[in-house]
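Student: Just a sequence and a predicted model for now, questions to come.
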Amino acid sequence: MKLDFKKILSQAQTYKKDMSNFLRDMIRISSESCNEKNVINRIYEEMEKVGFDKITIDPMGNILGYIGHGKHLIAFDAHIDTVGVGEINNWDYDPYEGYEDDEIIIGRGASDQEGGMASMV
């Protein structure tokens with residue numbers, strides 16, 4: 001099977017706005033270690049929205065999303081907890097609002113796995 005990378009890229013572009021909005025939502029939710037419940041709930045909402053077949057939250061608070069029912073399993077993993085923001089006055093922007101332009105999204109957790117989670121979902 002030959003992959004049509006132009007078609008894949010074109011299709012991926014149709015998700016850009018929704019992915020960016022989802023990531024911005026996660027950035028706005030404080031998710032410091034041991035306090036990730038609210039961002040987990042937001043991820044759950046997004047998984048439901050895009051049609052995951054099964055979504056569970058395990059006893060440790062991890063969210064697991066499943067698509068399909070085959071004998072093979074492909075796993076994607078990301079952590080969504082963040083460290084504190086430190087001295088807020090050292091930030092050039094609100095770390096929970098972040099910054100976005102045509103190329104990047106910056107904010108607490110954006111590049112350290114919340115961005116990965118947004119793209120996986």
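Tutor: Yep, it's here. Numbering: from 1, shown residues only.
Student: Quick check: buried residues in stretch 11-23?
Tutor: 19, 22-23 (16 or more other Cβ atoms under 10 Å). Every C-beta, even on glycine, is put in place using the N, C-alpha and C of the backbone.
Student: Could you export those as a markdown table, including secondary structure and pLDDT?
Tutor: Output for the buried residues of stretch 11-23, formatted as a markdown table (DSSP: H, G, I helix; E, B strand; the rest coil; pLDDT from 0 to 100):
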| residue | secondary structure | pLDDT |
| --- | --- | --- |
| Met19 | helix | 93 |
| Phe22 | helix | 96 |
| Leu23 | helix | 95 |
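Student: for these, which one is nearest Glu114?
Tutor: Nearest to Glu114, judged by Cβ to Cβ, of these is Leu23 at 6.3 Å.
Student: Which residues are in contact with the closest one?
Tutor: Leu23 makes contact with 105, 110, 114-115, 118 under the criterion Cβ atoms under 8 Å, 6 or more residues apart in numbering.
Student: between these, which is nearest Ile8?
Tutor: Of all the contacts of Leu23, the one sitting nearest Ile8 is Ala118; the distance, using Cβ to Cβ, is 18.0 Å.
Student: what sits against that closest one?
Tutor: Ala118 makes contact with 19, 22-23, 26, according to Cβ under 8 Å, 6+ apart.
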